[in-house]
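Enquirer: Only the shape, not the letters, is given here:
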């Protein structure tokens, strides 16, 4: 009888340990979204470079197309236009509304920094929350 009780106890402990491990792994790896205010804004600054683009394509056009494609992967819209940063030829800024939660920020940055659009590579310089007046 004692051997059976020991075996049952071992099975219960192993099952509980496995259940806890699965729960902790899920919490560590699962994407979770949280609500952001509809009035919130996120300003993103990127640095863009082109490699052998068609002569009729400008860096601004490639960058805008790339950013617009990545916007489709998150729960926000580009507010206004993608604009060149004054005094630079390779930096651009855009505003996303509403601001992205942490999961969508990672998703957006990952998409932007992938070489997903031929001849255009972008690096995210900054993501900053902005207050709406």
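Expert: Alright, I've got the coordinates. Just so it is clear, the model here is predicted, and its values are computed rather than measured.
Enquirer: so for the lengthiest helix in the chain, what's the average pLDDT?
Expert: Assignment by DSSP state H gives helix 2-29 as the longest helix of the chain. Per-region confidence: helix 2-29 scores 77 on mean pLDDT.
Enquirer: Walk me through which strands the next helix or strand after that helix pairs with, and which way each runs.
Expert: Where DSSP states H and E defines the elements, the next helix or strand beyond helix 2-29 is strand 41-50. Using DSSP bridges, the strands paired with strand 41-50 are strand 91-97 (antiparallel), strand 120-130 (antiparallel).
Enquirer: Look up the closest residue to residue 47, ignoring the ones flanking it.
Expert: Ranked by C-beta to C-beta, 6 or more residues apart in numbering and with sequence neighbours excluded, the top spatial neighbour of residue 47 is residue 123, at 4.8 Å. Quick note: C-beta positions are derived from backbone N, CA and C, even for glycine.
Enquirer: next one: residue 60
Expert: Excluding its sequence neighbours, the residue lying closest to residue 60 (C-beta to C-beta, 6+ apart) is residue 84, at 6.4 Å.
Enquirer: returning to what we had before: in TSV: the strands paired with strand 41-50, plus distance to residue 7.
Expert: Listed next are the strands paired with strand 41-50 as TSV, based on distance: least, C-beta to C-beta, whole Å:
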stretch	distance to residue 7
strand 91-97	57
strand 120-130	54
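Enquirer: gap between the helix or strand containing residue 112 and the chain center?
Expert: Element membership for residue 112 (DSSP H and E) is helix 102-113. In terms of C-alpha atoms, centre = their mean, to the nearest Å, the centre of helix 102-113 is found 1 Å from the chain centre.
Enquirer: Much appreciated, bye for now.
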